[in-house]
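> Could you look at this predicted model? Sequence included:
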Amino acid sequence: MAEGIDVISFGAGEPDFNTPEPICKAAIDAINQGFTKYTPSAGIPELRKAVVNKLENENGLKYTPEQVVVSCGAKHSVYNTMQVLLDPGDEVILIAPYWMTYADQVRLAGGVPVVVAASSESGFIPEYDDLKAAVTNRTKAIIVNSPSNPTGAVLPRETLKQIAALALKYSLWVVSDEIYEHLLYDGEKHTSLASLGSGIFDQTITINGCSKSYAMTGWRIGYAAAPLPIAKAMSNFQDQVTSNPTSFVQKGAVAALNLPASSMEAMRVEFEARRDLIHSLLTAIPGVKMQKPKGAFYAFPDISAYLGKDLQTDADLATYLLDEAKVATVPGSVFEGSGHIRLSYATSRSDIEKGVARIAEALKRIA
Ligand code: PLP
């Protein structure tokens with residue numbers, strides 16, 4: 001920190017790995033070759049084709065390049081999607097705890113977030129009946145994020161099928177944010193929602209990007225793949241707002257998508273080891289409850305046993321941990337997951353050990 005205080009941060013939502021060298025080289029070569037002008041707004045044909053190939057080979061999805069819109073990060077893709085899908089007053093179902101950006105982006109498009117809570121006891125898997133009960137004649141879409149930020153939950157194929165059935169029954173769009181798809185543990189396999197049948201394929205906007213899978217958060221490349229009219233509307237919208245994502249960065253993204261699948265395996269393996277470590281350390285603290293997350297790089301323990309005396313809310317607890325233990329966490333209520341805190345384990349094993357030991361010590365003092 002600027003004041004020289006030794007704070008251990010579990011706050012970061014980004015891999016602590018360097019972007020692989022071939023990706024950097026492709027972008028540097030592009031600059032040196034003068035690839036520094038405007039490109040088509042929805043991305044260079046080479047990159048849209050690389051996305052099409054990736055979605056076909058890894059996800060079993062058959063899109064055409066015209067159905068792919070490359071943008072400045074998956075966050076930008078979600079924004080484009082909301083702007084294009086929603087009319088004022090349209091409702092969008094969010095499964096809580098959820099990435100807080102979704103609610104704000106729904107509101108920015110004039111929409112209304114409708115929250116369906118998934119319990120920590122269920123491993124943050126939503127119940128079909130709860131989702132169904134949230135549908136009204138204003139429901140336009142449901143956002144699905146598996147693996148999840150902030151819980152690390154991976155929705156079982158059965159749950160994805162239920163969501164698809166619900167979307168088909170009520171003619172809803174599904175926005176499937178698959179940004180953490182490569183960060184899966186215990187042999188879990190990713191299922192793309194749009195791959196569950198041709199009906200749901202036609203009602204799904206698949207969102208992904210390079211940030212988390214290739215340690216490219218600062219590069220700002222994400223993409224959406226969607227039915228043609230939606231993709232065209234997003235491309236037109238982006239054309240008037242940002243134009244293209246940075247030209248030479250797109251060349252880096254082509255290199256990333258063309259890397260052999262094995263090239264990021266070491267990062268995934270390291271995240272899995274850290275997941276095991278943080279899970280065992282946190283659950284050894286009396287009263288702290290959590291299931292082992294199956295994906296992403298977040299732990300989302302239930303710390304409610306420590307609330308109700310001096311500290312009333314998870315936000316109070318996060319402040320206490322920062323002040324007293326010099327450990328930065330994110331309060332669960334930010335994600336509508338009150339009674340929890342989020343810890344990103346995109347940090348070294350030694351910091352995980354040191355940081356969780358500090359948390360344990362600080363919690364002992366208020367037990
Ligand atoms: N979706 C989720 C669930 C995220 O957690 C994040 C980043 O934290 C993003 C999307 C944004 O990714 P990008 O860096 O591609 O904008």
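Alright, I've got the coordinates. Quantities reported herein were computed from a predicted structural model and do not represent experimental measurements.

> What count of nearby residues applies to residue 169?
By other C-beta atoms under 10 Å, 10 other residues sit near residue 169. For the C-beta atoms, the positions are set from N, CA and C on the backbone; glycine is no exception.

> I meant residue 5, not that one.
By other C-beta under 10 Å, the residues close to residue 5 number 8.

> Equivalent analysis for residue 90, please.
Residues near residue 90, counting by other C-beta under 10 Å, number 18.

> again with residue 108
Count around residue 108 with other C-beta under 10 Å applied: 13.

> how about it, what does it touch?
By C-beta atoms under 8 Å, 6 or more residues apart in numbering, residue 108 lies in contact with 79, 82, 83.

> Let me have these in TSV, extended by distance to residue 209 and pLDDT.
Formatted as TSV, those follow (distance: C-beta to C-beta, whole Å; pLDDT from 0 to 100):
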residue	distance to residue 209	pLDDT
79	13	98
82	16	98
83	18	98
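
> Mind putting those into TSV with distance to residue 161?
Converted to TSV, the contacts of residue 108 look like this (distance: C-beta to C-beta, whole Å):
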residue	distance to residue 161
79	28
82	25
83	29
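
> Make a markdown table from those and add neighbour count and secondary structure to it.
As requested, these are arranged in a markdown table below (neighbours: other C-beta atoms under 10 Å; DSSP: H, G, I helix; E, B strand; the rest coil):
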| residue | neighbour count | secondary structure |
| --- | --- | --- |
| 79 | 24 | helix |
| 82 | 25 | helix |
| 83 | 18 | helix |
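
> what does the model give whatever residue of the chain ends up closest to the ligand for pLDDT?
Per C-beta to the nearest ligand atom, residue 73 is where the chain lies closest to the ligand, at 2.7 Å. The model reports residue 73 with a pLDDT of 98.

> What is the burial count for it?
By other C-beta under 10 Å, the residues close to residue 73 number 21.

> On the three-state scheme, residue 61 is what?
Here residue 61 is recorded as coil under DSSP: H, G, I helix; E, B strand; the rest coil.

> correct me, but it touches residue 225?
Yes - counting by C-beta atoms under 8 Å, residue 61 does reach residue 225; the two are 6.9 Å apart.

> The two: which has the busier surroundings?
A direct count of neighbours by other C-beta under 10 Å for residue 61 and residue 225 places residue 225 higher, at 30 against 19.

> Next, the contact list for the more buried one, please.
Under the criterion of C-beta under 8 Å, 6+ apart, the neighbours of residue 225 are 51, 52, 55, 61, 63, 67, 68, 69, 194, 205, 206, 231.

> So which of those residues wins on neighbours?
Neighbour counts for the contacts of residue 225, by other C-beta under 10 Å, peak at residue 69, which reaches 31 neighbours.
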